[in-house]
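> After the sequence you'll find the predicted model.
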Amino acid sequence: MRRCLTILLLIAFADQACTADTIILSNGQRISGTIDPSIDAGPDHVTIKTGNGFIRLPKSAIASEDLGYEARKNKLKNDDLAGHLALAAWCRSKGMMNESLALLDDAVLLNGVPLTARAQHARMVDELKSPKEALEWYRRYRKDGGDDPATLARLAQLEKVIAEFEAQTNAVTTAPKKTKSDSPNIPKATPILQGGMESKGWDNEALQWSNPVQPKIVSLSTEAGITPALQVDFKGGTQEKATIKRTAHLSIGDDSVLTFYVQNPGEKPLSIAIGVKTGSQYLFHESPQQPIKPGSEFQKLRFSFKGANFKSAASSWNYNTHVADLTDVKEIQILIYNGNDSGSLLISNMGFPAKSDL
């Protein structure tokens, strides 16, 4: 037992890996990896595979287990409707939208699926696959009595565009031969917003480093229902940027691209960068800035933590270095370059999606 605990103290823990399983020990320590039931550990032990190999732990030392996506999915039975819906919701809360849609694809084929789940499924097919493929799901939802206003409004929008396109096509006396590219110009579905890393833990940076800024959690009404979002109110000041920060205990591996949606409802364009502090010395690195256009639309941003385009003291503040100690991330910052301008931003869906979802 003593030897196991010594090993655990040497492991870099990660709380952001939604696909990983996490074991929480009785003393509060956490270890992430993959619980492997195929290995015969005996009735009183659990084996978990980590980046450093296999660790066999006595069940008496384990307080609880927080299973990742694969482990949760493997426990599902094919006809478990409630389980499919619950895991789909869990995936959305983690920003795993493709996994959530795959579960709903299976759920809507089962008996007794509620209309709310079918509306969610149609909207996700619309956004993540195509409006054409979603149209039939929208129509089934309406036929069976679905009455959600946002869902029916999207269906009406699609049917109107298709009807107008067909009317224009039929109005041509001698219609040209159709090609694969002949199709109505269907407006893109509004992004489905779900709470992620932005939904808790943010604070304003000290005024000696930042313009006045205040983060707060608000509720947004979206096509997916009510969802939390991070509202950042900032004022112009003597600094070139307004900064908010979040304490983190992350180990960034293959899934190293931070993504999120941002809305800039003001009248002036802004730019955003990501700051990160790592290692025992809290070394600071900053990404290149990305522009945020003003308007009501949510824009999706991507910041790769493994790019050689960060700046730090070690690079003399030139954008030509990698982030050091990615396995020991202590703090993440959002830097809003506002100068003398005041305004606010809305941020949602922040997380590190798997590469297949990018």
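Nice, thanks for sending it over. Residues are numbered from 1 along each chain as shown.

> hey, let's count contacts and neighbours off CA atoms from now on
OK.

> How many neighbouring residues does residue 80 have?
Look at residue 80: counted by other C-alpha atoms under 10 Å, it has 12 neighbours.

> what's near enough to touch it?
By C-alpha atoms under 8 Å, 6 or more residues apart in numbering, no residues touch residue 80.

> Which pLDDT does the model give it?
Looking at residue 80, its pLDDT is 94.

> Name the SS class of the residue most central in space within the chain, please.
Ranked by distance to the mean C-alpha position of the chain (C-alpha atoms, centre = their mean), the top residue is residue 95 at 3.1 Å. Of the three states, residue 95 takes coil according to DSSP: H, G, I helix; E, B strand; the rest coil.

> gap between the host helix or strand of residue 331 and the chain center?
For residue 331, the host element (DSSP states H and E) is strand 329-337. Centre-to-centre, strand 329-337 and its host chain are 17 Å apart (C-alpha atoms, centre = their mean, to the nearest Å).

> which helices and strands sit right next to it?
strand 242-250, strand 270-278 (3 or more C-alpha pairs under 8 Å, 6 or more residues apart in numbering; DSSP states H and E).

> Out of those strands, which gets nearest to residue 83?
strand 242-250 (28.8 Å; C-alpha to C-alpha).

> Check which residues of stretch 151-166 are buried.
For stretch 151-166, the neighbour count (16 or more other C-alpha atoms under 10 Å) marks 151-152, 154-155, 158, 162, 165 as buried.

> just stretch 299-319 next, same as before
Across stretch 299-319, burial judged by 16+ other C-alpha under 10 Å covers 299-301, 303-306, 309-312, 319.

> if you average pLDDT over that stretch, what comes out?
pLDDT averaged over stretch 299-319 gives 93.

> mind checking how far it is from the chain centre?
With C-alpha atoms, centre = their mean, you get 20 Å for stretch 299-319.

> same check, this time on stretch 84-103
11 Å.

> If you count contacts, what does the helix or strand where residue 161 lies end up packed against?
Counting by DSSP H and E, the element that carries residue 161 is helix 149-171. Where contact means 3+ C-alpha pairs under 8 Å, 6+ apart, helix 149-171 is packed against helix 131-143.

> rerun that using 6 Å as the cut-off
Taking 3 or more C-alpha pairs under 6 Å, 6 or more residues apart in numbering; DSSP states H and E as contact, there are no helices or strands that helix 149-171 lies on.

> Now do that helix against helix 131-143, angle only.
Relative orientation of helix 149-171 and helix 131-143, computed by axes from the mean of the first three to the mean of the last three C-alpha atoms, to 10 degrees: 120 degrees.

> Name the next helix or strand downstream of helix 149-171, please.
strand 202-204.

> Kindly provide the whole-number mean pLDDT of that following strand.
93.

> One more: stretch 94-114?
Rounded mean pLDDT across stretch 94-114 is 91.

> Same check on stretch 65-73?
83.

> Give the residue spans of the protein that score low on pLDDT.
Across the chain, the stretches falling below the confidence threshold (pLDDT under 70) are 1-19, 37-38, 40-41, 168-195, 221-226, 354-358.
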